[in-house]
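# okay, here's the prediction I keep looking at, along with the sequence it came from:
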Amino acid sequence: MAQNRSDDTAASPDAAPSGPARIDGVDAARAIAVFGMFTVHLGVESMGLLSPEGYAWTLHGQVRGNSSALFALLAGLSLALMTGRTEPVTGDGRRRAVVRVLTRAVLIGMLGLLLDLTGVPVAIILTYYAGFFVLALPLTRLRTGALWAVAGVLAVVGPPLSFLLRDTVIDAGPRTSSLSSLTEFLLTGYYPAITFMAFVAAGMAVGRTDLRSTAVRLRLLAAGAGLSVFAYGGSWLLLHPLGGLDRLVEQGTAFMGGYPITPGMDPVLLEQLRAGVMEEANSISGQVPTDTWWWLAVNTPHTGTTFEIAEAVGQALIVLVACMWLAERVRWLMYPLASVGRMPLTVYTGHILVLMVIVGVDPVDWRQPWLLEWFVLGALVLATLWRLVASRGPAEAGLAVAADGMVDIVEERRRGL
């Protein structure tokens, strides 16, 4: 249960316009993040096509953490679109954009609090996202290069800073909900800002580029591949040739006490101990333990290390470019997927409410084979039908109306001064 609760994503405000300038591939990528969330929330026992004895855990492990990172990156991309696309908006336009972002953040945060009250075994991310939007507002003045620099600094400096603060200053108490304190939001929660703001800043950097340009897409693809190689290769180098994994074995984990490694040690036992450490690493939900700095060498999901951030951003860029390419060449096939990505807040909220009913009926054995497939199919069908009759999902339309209304109020008061 804890592992399923630890992840996964939420809905960002769908900020891209619905007209011809909209890029369906971005929506398709957002839908993939949503379905990754479904996979983690429902768990391997809810899969029908894949069994727990087969590739179900492989799929679960691949999307866990990466889907929330992808959605955070796309949230940053949406913020860039809301605040000027390739050129940061200034003057009156910036003021109106800030009002819209703040209004959306407040409403999304309130919705997150309400969904958290449903008691479903899911770490609701909406309240975190609301805070990310507010933190990202000063970054909306920046262009692509500066935003990539911010993302890089957060990815490199954030993990050791978080480690140091949690080791010496912060006393992380037990989690009682998805988000219950400022400390959880910044450092110790399921989706700590010190990690996820790197994804948001990277997404804003992507949103400041011309995503219709083939050259830009090729650069993003190369960057994604390079970051992935760095993440896997760097972590492997530190853990294996440089002995980090054995230092973690000697330090001990939640599964076992420290175990000294000696010359001539039984290689079978040593491999079992190493596997125990990696099992511990794969069960982390937000940030690594602070008993040894070697934890910063892992790149498993939800660890918040530099390697995990690089791996998640790299894979997100690859998924984004692939979705844009496919959406332009097999539009009919990608249409349902893009439809889900056009109404992520609606789909996210809907899946939580449906899950609340299912868990309420059978709190113990609610995970049943094919449940995941039904969730995915239901989202695809309903989102496609809705797109045929309306340009936005109901939740997205409500956000837009509220944001525009708040802009009108602010402008009227300015004129009255």
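On my side now, so go ahead.
# please enumerate the helices of the stretch 251-400 of the chain.
Ranges of helices in the stretch 251-400 of the chain, per DSSP state H, counting those that start in this stretch, are 267-282, 306-329, 331-342, 344-361, 371-389, 394-416.
# of all the ones you listed, which lies closest to residue 76?
Distance to residue 76, taken as C-beta to C-beta, is lowest for helix 306-329 among the helices of the stretch 251-400 of the chain, at 10.3 Å. Heads up, the C-betas are built off the backbone N, CA and C, glycines and all.
# mind checking how far residue 142 is from residue 136?
To residue 136, residue 142 is 10 Å away according to C-beta to C-beta, to the nearest Å.
# and the two? which has more neighbours close in?
residue 136 (24 against 18; other C-beta atoms under 10 Å).
# quick one: low-confidence ranges for this structure?
Applying pLDDT under 70 to the chain flags the ranges 1-21, 52-54, 172-176, 253-257, 417.
# just give me the residue closest to the centre of this protein.
Nearest residue to the geometric centre of the chain (C-alpha atoms, centre = their mean): residue 68, 1.8 Å.
# which element is that residue on?
Here residue 68, judged by DSSP states H and E, is contained in helix 66-82.
# could you check how far that helix is from the centre of its chain?
8 Å (C-alpha atoms, centre = their mean, to the nearest Å).
# helix or strand right after it?
helix 91-116.
# any buried residues in that next one, and which?
Residues of helix 91-116 classed as buried: 94, 96-109, 111-112, 115-116 (neighbour count, 16 or more other C-beta atoms under 10 Å).
# return the distance of residue 264 relative to residue 258.
19 Å.
# these two: which is more packed in?
Ranked by neighbour count (other C-beta under 10 Å), residue 264 and residue 258 place residue 258 first, with 14 against 5.
# how about the contacts made by the closest residue to the more buried one other than its chain neighbours?
Distance criterion C-beta to C-beta, 6 or more residues apart in numbering; nearest residue to residue 258, sequence neighbours excluded, is residue 252 at 3.6 Å. By C-beta atoms under 8 Å, 6 or more residues apart in numbering, the contact set of residue 252 is 258-259, 291.
# just how off-centre is the strand or helix carrying residue 245 within its chain?
In this assignment (DSSP H and E), residue 245 forms part of helix 244-251. Put simply, helix 244-251 sits 29 Å off its chain's centre (C-alpha atoms, centre = their mean).
# enumerate the positions of it that are buried.
244-249, 251.
# ok and that helix relative to helix 267-282, angle-wise?
90 degrees (axes from the mean of the first three to the mean of the last three C-alpha atoms, to 10 degrees).
# put the alpha carbons of helix 244-251 into PDB.
Extracted C-alpha coordinates of helix 244-251, given in PDB (Å, rounded to 0.1, in the frame of the first residue of the first chain):
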ATOM      1  CA  GLY A 244      28.800   3.000  -3.100                       C
ATOM      2  CA  LEU A 245      26.500   0.000  -3.100                       C
ATOM      3  CA  ASP A 246      28.700  -1.900  -0.700                       C
ATOM      4  CA  ARG A 247      29.000   1.200   1.600                       C
ATOM      5  CA  LEU A 248      25.200   1.200   1.700                       C
ATOM      6  CA  VAL A 249      25.200  -2.500   2.600                       C
ATOM      7  CA  GLU A 250      27.600  -1.800   5.500                       C
ATOM      8  CA  GLN A 251      25.600   1.200   6.700                       C
END
